[in-house]
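>>> Mind folding the following:
(3 chains)
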Amino acid sequence: MRNLKMKLNTENVIGIGLFLFLFIYPLFVTPYQILNLSYFISMVFLTLSLSLIWGYGGIFSFGQAAFFGVGGYFYAIFTMNSGISTITPIGLLLGVLVGGLVAGIIGYFMFYGGINDVFVGLITLCITVSLETFMAQTAGSQWKIGTVGLGGYNGINGIPTISLGSFALADVNFYYFILIVLLVVYIGLRLFVVSRFGYTAIAIRENRERTKLLGYNVPRFQTLIFALGGALASLSGILYATWGGYMTPSAAGLTAATLPVVLAAAGGRKNLTAAMIFTFIYYWFSQTLSASGNEYALVILGAALILVILFVPEGIIVSLFKLGDNLFFNRKKATQVKAEGEFT
Amino acid sequence: MHLTKKKTKNYIGLILTMIFMLLLSACQSAETSTGSGAGGSKKDAPIKIGILEDQSGDFSLVGIQKLHAAQLAVEEINNNGGLLGRQVEIVAPDTQSDNKRFQEMARKVILEDQVDVVMGGFSSASREAIRPIMEKNKMLYFYNNQYEGGVASKYSFNTGAIPDHQIGTLMEAVIKKYGPKVYTIAADYNFGQISADWVRTETERLGGEIVGEEFIPLGVSQFASTISRIKAADPDVLVTLLVGQEQSSFYGQWAKSGNTKLPMATTVNMAQAYEHKRFDPPSLANMYVTVTFMEELGDILPSAKEFVDKFYKKFPDDKYVGMEAETQYTGVMLWAEAVEKAGTTEVEAVIDALETGISYDGPAGTAKIDPATHHAVRNVYLAYADKEHKITFPQQWEAVVPDWLSKEKGVDLTKKDEFKQYTPLD
Amino acid sequence: MAIFELIYQFMNNFSFLILSAVGLAIIFGMMGIINLAHGEFIMLGAYITTLATASGVPLPLAILLAAAGVGVFGLIVDRLIINRLYGRTLDSVVVTWGISMILSQGILIIFGPSLEGSSTPLGSISIAGATYSTYRILLFFIAIVMLGIIYWLFMHTKFGLYSRATMQKHDIANTMGINTNKMYSLTFMLGAALAGLTGGLYAPTMAVSPTFGSAFLMPSFVTVIVGGANPLIGTSLSGGVLGVVNSILDILWGTFYGRLGLLVVAIIVIRLLPLGFSGLVEKKLMRGRGI
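The predicted model follows:
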């Protein structure tokens, strides 16, 4: 397929450069910085999941945080009940499936029920906040699944890290594990969006009616891509839970639900690489501000987001890609980046 | 599309935004880049305390007080020549009332800033978010805060009030005075649930009866139905264990449609978030609270007055010096005593020094570490707010020992290391 | 006795839902913008009212001042930021989120983590042996009156006519000579002013702090979701239904189920009626009549 041929443009150059950089990064930095970057990477999956369903599928969802929570809690309850460390990879895989399944069921009810556009956003917002409200009140000792107390607002602590056999993934090993998962997922998604399915999703995003009239079962495609997004968000939640050994209801709160939307929109939602890069930048930036103890941290963060949207409406990273294309790969003007995402 | 025309304009905006963000990050990273020095030069380098407090968000009301108290304590230590001849320095990121942020910042201060001790945390959720990190990294952790009790961990020390101090004494005082029927409303999370269990246990021990118990989700600010349930149950005493800004709206609503003659009893209000100053009387009329310190204690205790004056001298814009500010201050001082005694900041040595039963004559009287439980022996004062919110202290208990863990659960951290939280239910 | 109790609960919940939602509903219904800074607008209103009463302004005036102040603030925000985003509704999510961060932290920096509140005015009244807060009962009637004023504004004024036209088909309204951008600005200002009014009204009954608005955010979103795009019919209907559901669950099982019940109702309603109650009403009763 000609689609699979890789184009020489800024996005791809930067994407490759980023992964190369991430692979050699641990050689130069302290263990803390490696640990910290693992955390950023675990959150990248969440942004990617939204970028996939919103940027490519046209489904605007506040529900990714809910699937994040479902994944994290499922993994915690499953692995802590079994108590055997070798079962953790199964917990990971099952958790991803469960996240996908939950998203699929919700998607089925929404899309076959004819709900679309901003209403999907609203209903998923309700689901997310319901989950948080429910989990936050499970502090009492009656809230137990198996031997694991749900812990209410305090969350669950002591979640085991992933072990391959008897080899526990920690620190640098965990970093490389999570990085390889990211690479696989990223390449998978890049291929997916130029596959037939991916093009169908884009067609649905651009014009639902027309796609339907062309004979596509629109709700089926929407449900599938929503489930895929749910599985990715769930993966993100599991990786976060193993990173800190900790899962909390506020991971599915209003703020957490909004953040992926903000990241995808500000980075450039129709571009997976952009969403990924912007997630790194945002988490690094907000953490640095928070660590400084500067009282203006949130003000600066808010102002930066507003400026990004006002002056670079397509997303800051995407605009940079275009600028790069114009400067270095100026053969077909700025249209190359759009090739896979947008039909103008 | 007329993209080409707009393009130049867009790029100018883009570049401006980038420059703005670069500038911001440049000023930020300038201070953080000088990270951990090599171990050899540690001799004269300052001793570092990581203070994790909420400087923004819902809990900042108490978090900022606690940060300021730590700054005050450290300033005094440094003015007296420092610790072990070294200066003491505070690393204080803003945890933004966000438990995820607590985890990130706990790792940062331990691994990157290489602090010698971590203090902080207000809500019990934030403590539970970071306590495992402390244990994993074998880091000394001071939770200088009132809480629901029960944590038995080698690395954790709690210098604040716990149910051993507050609930037995409180229930004894109010049941004796007003009668046996008790109604409890509590925040619906771990702190509220466990504290409510304590209230139940103590009430039953004293021959009283719980006539109602309700848990309010965090963030609820409308209490009409709760108030009507309380009125229907007609208790002798109302116990309120509410947490956070939204829930503190209860008192104003209670005063307007409730029975203000009904005495309220609490372990958290007034002393922490100074509701009696923030709300017009008679919102908290007839309220009893057991405290280890509050600003008004200065009226009867010279050491407390001295502390309050020092605090306002350094932070004239602050509005109240509460129980947690004193706890934080005393916590820093207890740790400093232990470091002096150990002659090093080495965590194991400092723990050993603390377990000798270090004590400090603080603003609210003597505070002494109980070696078996890692909690503090403290004086407890019963505070009472009248219709005008004037505070009096009708009763006090000297040197209350937090011995529930050691007596009931057989915990002795000097002999056996543990890493868990006990609750009255298990 | 029990029936008075239930009515009082309902009045309480109804006014809280309506007042917290109406500003959001107008902005969402007219402009399609999901205003995540809504809670912070309410908070701003509470601050204006509290600060004004503290400096001696009588409470009713202070509340109106809050509405005017936040309205002007809304206009400024619109002129500076929001008007560049007309038609880009999803980008407005990011921007309003940014605004909300700046507002709540900015207030924290300026005024510190709390403000000394003023006490709830008007004492309490006794009905059938139980006491009820008069101010809270008054809030119910204020909510009703406010709905009435909005009805008049949208149905009997030129502004209402133009704005309904803009809401239905903004391009056609534009070609008919309506300055739709101006309509959007006015709408945003009106929504902000109503949020400020809500903040002012609730300021004496709640703890005033930079996170004041977060207590309103969830109920307001649920009300708007259930109500749908029509700020008048949708909001009042959904406020009524949700008020009943919330009161009953609350009395039967406690606060937590009242809260969860709101969310469950919202999910069910949106599943059955994606356009909310306004969609239903417009389809069944008022076909072709505009509002």
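
>>> tell me which parts of the stretch 101-250 of chain A are close to chain B?
Proximity of the stretch 101-250 of chain A to chain B, by C-beta under 8 Å from any C-beta of the partner chain, involves residues A:133, A:136-137, A:139-141, A:151-155, A:157-158, A:244-246, A:248, A:250. Any C-beta I mention is one placed from the backbone N, CA and C, and that applies to glycine too.

>>> Quick check: ChimeraX command selecting the buried ones in these.
Here is the ChimeraX command that selects the buried residues among those (16 or more other C-beta atoms under 10 Å in any protein chain shown):
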select /A:133,136,137,139,140,151,152,153,154,155,157,244,245,246,248,250
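
>>> Check whether the strand or helix carrying residue A:326 comes near chain B.
Assigned by DSSP states H and E, residue A:326 belongs to helix A:316-328. Yes - using C-beta under 8 Å from any C-beta, helix A:316-328 reaches chain B at A:316, A:319, A:320, A:323.

>>> What residues of that helix count as buried?
A:316, A:317, A:318, A:319, A:320, A:321, A:322, A:323, A:324, A:325.

>>> could the residues you listed go into a markdown table alongside distance to residue B:287 and pLDDT?
Below are the buried residues of helix A:316-328 laid out as a markdown table (distance: C-beta to C-beta, whole Å; pLDDT from 0 to 100):
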| residue | distance to residue B:287 | pLDDT |
| --- | --- | --- |
| A:316 | 53 | 82 |
| A:317 | 55 | 85 |
| A:318 | 57 | 84 |
| A:319 | 58 | 84 |
| A:320 | 58 | 85 |
| A:321 | 61 | 85 |
| A:322 | 63 | 84 |
| A:323 | 63 | 84 |
| A:324 | 64 | 84 |
| A:325 | 67 | 83 |
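
>>> Which one of these is nearest to chain C?
Set against chain C, the nearest of those by C-beta to the nearest C-beta is residue A:316 (11.4 Å).

>>> I'd assumed residue A:275 was in contact with the closest one.
No - applying C-beta atoms under 8 Å as the test, residue A:316 and residue A:275 come out as separate, 11.2 Å apart.

>>> Now do the shared contacts for these two.
Counting by C-beta atoms under 8 Å, 6 or more residues apart in numbering or on different chains, the common neighbours of residue A:316 and residue A:275 are A:267, A:268.

>>> following the helix or strand containing residue A:255, which helix or strand comes up?
Assigned by DSSP H and E, residue A:255 falls within helix A:254-267. Using DSSP H and E, the next helix or strand after helix A:254-267 towards the C-terminus is helix A:272-291.

>>> That following helix: how far from the chain's middle?
From the chain centre to the centre of helix A:272-291 is a distance of 13 Å (C-alpha atoms, centre = their mean, to the nearest Å).

>>> same check, this time on stretch A:50-59
For stretch A:50-59 - counting by C-alpha atoms, centre = their mean - the centre lies 11 Å from the chain centre.

>>> and it, how far apart are its ends?
The first and last residues of stretch A:50-59 sit 9 Å apart, counting by C-alpha to C-alpha, to the nearest Å.

>>> pLDDT of that stretch, averaged?
In this model, stretch A:50-59 has a mean pLDDT of 90.

>>> Which residues does it contact?
Identification of contacts with stretch A:50-59 by C-beta under 8 Å, 6+ apart yields A:60-61, A:64, A:120, A:189, A:192-193, A:198, A:201-202, A:204-206, A:208, A:221-222, A:225-226, A:228-229, A:232-233, A:260-261, A:263-264, A:269-272, A:275-276, A:341.

>>> Okay, buried residues for the helix or strand harbouring residue B:380 please.
Assigned by DSSP H and E, residue B:380 belongs to strand B:375-385. By neighbour count with 16+ other C-beta under 10 Å, strand B:375-385 contains the buried residues B:375, B:376, B:377, B:378, B:379, B:380, B:381, B:382, B:383, B:384, B:385.
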